[in-house]
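Student: pasting the sequence and the predicted coordinates here, then a few questions.
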Amino acid sequence: ALLARTDAVDGDVHAYLHVARESALASARHIDQRRGRGEELHRLAGVPIAVKDVMATKGLPTTCGSKILEGWIPPYDATVVRRLREAGMPILGKTNMDEFAMGSSTEHSAYGPTRNPWDLDRIPGGSGGGSSAVVASFQAPLAIGTDTGGSIRQPAAVTGTVGTKPTYGGVSRYGLVALASSLDQAGPCTRTVLDAALLHEVIGGHDPMDSTSIDAPVPGVVEAARRADVKGMKIGIVRELTGEGFQAGVQARFDESVQHLVDAGAEVVEVSCPSFTAALAAYYLILPSEASSNLAKFDAMRFGLRVLPEGVDDPSAEQVMAATRDAGFGDEVKRRIILGTYALSSGYYDAYYGSAQKVRRLIADDFTKAFESADVLVSPTAPTTAFRFGDKLDDPMAMYLNDVATIPANLAGVPGMSLPSGLADEDGLPAGFQILAPAAADERLYAVGAALE
Ligand code: GLN
């Protein structure tokens with residue numbers, strides 16, 4: 001039924017880069033047989049799922065939305081993907097994304113953008129627009145996204161779906177093609193908070209293949225989502241992430257959601273996180289720095305594309321590498337590689353990367369202080385509803401500004417969730433409500449999120 005739905009709508013939405021029709025059906029049949037034999041299966045066995053194309057999937061193409069990886073079929077599964085398969089969840093396909101997860105609209109995908117199912121002239125968010133759109137357009141009940149600066153939460157906000165970025169280290173990064181290793185985190189994209197919790201539980205937990213993986217049990221997210229209890233909880237409104245700069249209709253839905261929490265027995269406090277105003281500047285130095293290093297491995301020798309320079313008889317390895325990277329990377333990726341390489345150069349390192357790392361510390365300190373007076377922090381997820389294609393494409397700064405509310409969580413490694421808060425009056429489009437919790441207290445996101453559903 002889901003594949004038929006994809007046939008009917010994905011010509012318009014373009015959420016998928018690759019539909020794994022045959023293997024998904026084979027896996028579903030296999031689960032049916034096992035169930036028929038009376039085998040005891042995982043509670044999500046047979047529930048199909050779509051996976052962002054940044055996750056290595058054995059036998060299925062993995063492009064990261066880039067031409068440079070066109071034709072690459074990974075010989076192994078990411079840990080997240082392995083856990084989905086072990087739970088018996090058929091993988092429906094790979095979802096579209098901004099190239100190497102750089103962007104907030106999917107307009108930077110080398111394979112064309114995904115369209116927002118609510119309005120096909122608008123962006124579905126990014127970088128994981130495909131994973132949210134595939135869920136919003138009912139092509140999959142669940143999807144996997146990755147969030148380095150908001151790429152799970154902002155697409156969820158603008159497509160009226162739920163998305164969680166777990167605590168850094170809560171979900172293995174093994175097999176997740178790295179954008180910025182100190183910020184990347186995979187998580188669930190779903191239609192309900194409970195669905196997100198069920199999926200979080202499957203993919204979370206310690207993995208010896210990832211040295212940054214937390215060696216502790218997955219927080220009690222399913223329990224918390226079922227209880228949906230916020231009585232006596234302190235909800236902190238982040239002063240720097242509300243009001244000015246936020247679309248009126250987004251702000252109005254946010255205020256209403258806060259009132260719902262009060263009605264459900266929570267207490268509201270205001271907190272100030274002054275360093276958050278420098279988060280964007282720090283992020284857009286740290287991310288390109290890490291990305292420039294991570295993307296150095298695309299050297300025309302190891303993966304995917306290889307382009308020979310024109311008019312050169314006996315090209316050197318370096319010439320092949322340059323020609324391949326020139327042809328294989330898009331503008332945004334090149335922009336960030338140049339920026340990151342510059343920020344890491346000797347003579348500039350302390351001024352740029354070093355300063356950004358100091359700001360990162362201050363942001364983490366702001367969170368620590370805020371969580372002394374609040375159990376969770378809340379804000380609108382994104383300043384606006386879905387914008388129109390082309391609106392911010394020629395102005396990288398305008399695109400970056402859309403991440404103002406999501407980025408602090410990645411810099412500090414704390415978990416965050418976005419869930420729908422309703423439709424903005426101006427345009428009738430979904431607005432997102434963001435919840436942030438202290439590191440390793442992911443269950444609080446689910447308690448608060450479920451109380452709002
Ligand atoms: N918009 C952010 C960026 O472009 C989001 C990145 C992400 O979370 N993958 O860097």
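Tutor: Happy to help now that I have it.
Student: how many neighbouring residues does the residue in the stretch 101-250 of the chain that the ligand sits nearest to have?
Tutor: Using Cβ to the nearest ligand atom, the closest approach of the stretch 101-250 of the chain to the ligand is made by residue 151 at 3.0 Å. Where you see a C-beta, it was placed from the backbone N, CA and C, and this is true even at glycine. Residue 151 has 37 neighbours, counted by other Cβ atoms under 10 Å.
Student: by mean pLDDT, which helix or strand of this protein comes out lowest?
Tutor: Taking mean pLDDT, DSSP states H and E as the measure, helix 396-401 is the helix or strand of the chain with the lowest mean score, a mean of 88.
Student: show me what it is packed against.
Tutor: Secondary-structure packing of helix 396-401 (3 or more Cβ pairs under 8 Å, 6 or more residues apart in numbering; DSSP states H and E): helix 279-294.
Student: can you give me the helices in the stretch 201-350 of the chain?
Tutor: 221-227, 248-263, 279-294, 317-328, 331-343 (DSSP state H, counting those that start in this stretch).
Student: how about those in TSV, adding mean pLDDT?
Tutor: Conversion of the helices of the stretch 201-350 of the chain to TSV gives the following (pLDDT from 0 to 100):
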stretch	mean pLDDT
helix 221-227	98
helix 248-263	98
helix 279-294	97
helix 317-328	97
helix 331-343	97
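Student: looking at those helices, spot the one closest to residue 310.
Tutor: With Cβ to Cβ as the criterion, residue 310 lies closest to helix 317-328 of the helices of the stretch 201-350 of the chain, at 7.8 Å.
Student: got the angle for that closest one vs helix 331-343?
Tutor: Relative orientation of helix 317-328 and helix 331-343, computed by axes from the mean of the first three to the mean of the last three Cα atoms, to 10 degrees: 130 degrees.
Student: got the contact list for helix 317-328?
Tutor: 66-68, 298-301, 304-310, 312, 315 (Cβ atoms under 8 Å, 6 or more residues apart in numbering).
Student: and the residue of the stretch 351-453 of the chain found nearest the ligand, what is it in contact with?
Tutor: Taking Cβ to the nearest ligand atom, the ligand has its nearest neighbour within the stretch 351-453 of the chain at residue 403, 4.6 Å off. Counting by Cβ under 8 Å, 6+ apart, residue 403 touches 104, 149-150, 154, 280, 283.
Student: can you rerun that using 7 Å?
Tutor: Shown in contact with residue 403 (Cβ atoms under 7 Å, 6 or more residues apart in numbering): 104, 149-150, 154, 280.
Student: quick one, strands of the stretch 301-450 of the chain?
Tutor: For the stretch 301-450 of the chain, the strands defined by DSSP state E, counting those that start in this stretch cover 376-380, 416-423, 430-436.
Student: closest to residue 110 out of the contacts of residue 403?
Tutor: Using Cβ to Cβ, residue 104 is the member of the contacts of residue 403 that lies nearest residue 110, at 16.6 Å.
Student: that closest one and residue 332, how far apart?
Tutor: Using Cβ to Cβ, to the nearest Å, residue 104 is found at 11 Å from residue 332.
Student: please apply the same query to residue 204.
Tutor: In this view, residue 204 and residue 332 are 30 Å apart by Cβ to Cβ.
Student: and the longest helix belonging to the chain, is it in reach of the ligand?
Tutor: If you go by DSSP state H, the chain has its longest helix at helix 355-373. No. For a cut-off given as Cβ under 6 Å from any ligand atom, helix 355-373 has no contacts with the ligand; the smallest distance is 13.9 Å.
Student: list of residues touching that helix?
Tutor: With contacts defined as Cβ under 7 Å, 6+ apart, helix 355-373 is touched by 234, 236, 269, 271, 273-276, 278-279, 282, 285-286, 377, 408, 411-412, 414, 438.
Student: CSV for the strands of the stretch 301-450 of the chain, including mean neighbour count?
Tutor: Shown next, in CSV, are the strands of the stretch 301-450 of the chain (neighbours: other Cβ atoms under 10 Å):
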stretch, mean neighbour count
strand 376-380, 27
strand 416-423, 26
strand 430-436, 28
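Student: out of the ones you listed, the one nearest residue 175 is which?
Tutor: Distance to residue 175, taken as Cβ to Cβ, is lowest for strand 416-423 among those, at 22.6 Å.
Student: quick one: residues in contact with that closest one.
Tutor: The list of residues contacting strand 416-423 from outside it, by Cβ under 7 Å, 6+ apart, reads 153, 156-157, 160, 162-165, 193, 253-254, 256-257, 381, 406, 409, 429-436, 445, 449, 452.
Student: could you give the mean pLDDT of it?
Tutor: Across strand 416-423, pLDDT averages out at 98.
Student: work out the gap between it and the centre of the chain.
Tutor: Relative to the centre of its chain, strand 416-423 is centred 14 Å away, using Cα atoms, centre = their mean, to the nearest Å.
Student: who's more crowded, residue 104 and residue 332?
Tutor: residue 104 (28 against 18).
Student: may I have the secondary structure class of that one?
Tutor: The three-state assignment at residue 104 reads coil, by DSSP: H, G, I helix; E, B strand; the rest coil.
Student: contact residues of the stretch 251-400 of the chain facing the ligand?
Tutor: residue 287.
Student: spatially nearest residue to the residue in the stretch 251-400 of the chain positioned nearest to the ligand, not counting backbone neighbours?
Tutor: Here the stretch 251-400 of the chain gets closest to the ligand at one residue, residue 287, 5.5 Å apart by Cβ to the nearest ligand atom. Counting by Cβ to Cβ, 6 or more residues apart in numbering, the nearest residue to residue 287 once its immediate chain neighbours are dropped is residue 180, at 4.5 Å.
Student: who's in contact with residue 251?
Tutor: Here residue 251 is in contact with 242-243, 380 (criterion: Cβ under 7 Å, 6+ apart).
Student: tell me the pLDDT at the residue in the chain sticking out farthest from the centre?
Tutor: Distance from the C-alpha centroid of the chain, by Cα atoms, centre = their mean, peaks at residue 313 (43.7 Å). What the model reports as pLDDT for residue 313 is 95.
Student: one step back: now restrict the contacts of helix 355-373 to buried residues only.
Tutor: Among the contacts of helix 355-373, those that count as buried by neighbour count (16 or more other Cβ atoms under 10 Å) are 234, 236, 271, 273, 275-276, 278-279, 282, 285-286, 377, 408, 411-412, 414, 438.
Student: ok, residue 68 - contacts?
Tutor: Each residue near residue 68 by Cβ under 7 Å, 6+ apart is listed here: 298, 304-305, 328-329.
Student: look up phi and psi at it.
Tutor: phi -70, psi -20 (degrees, to the nearest 10).
Student: which non-adjacent residue is nearest it?
Tutor: residue 328 (3.1 Å).
Student: repeat for residue 337
Tutor: Distances taken as Cβ to Cβ, 6+ apart put residue 292 closest to residue 337, at 4.7 Å, once the chain neighbours are dropped.
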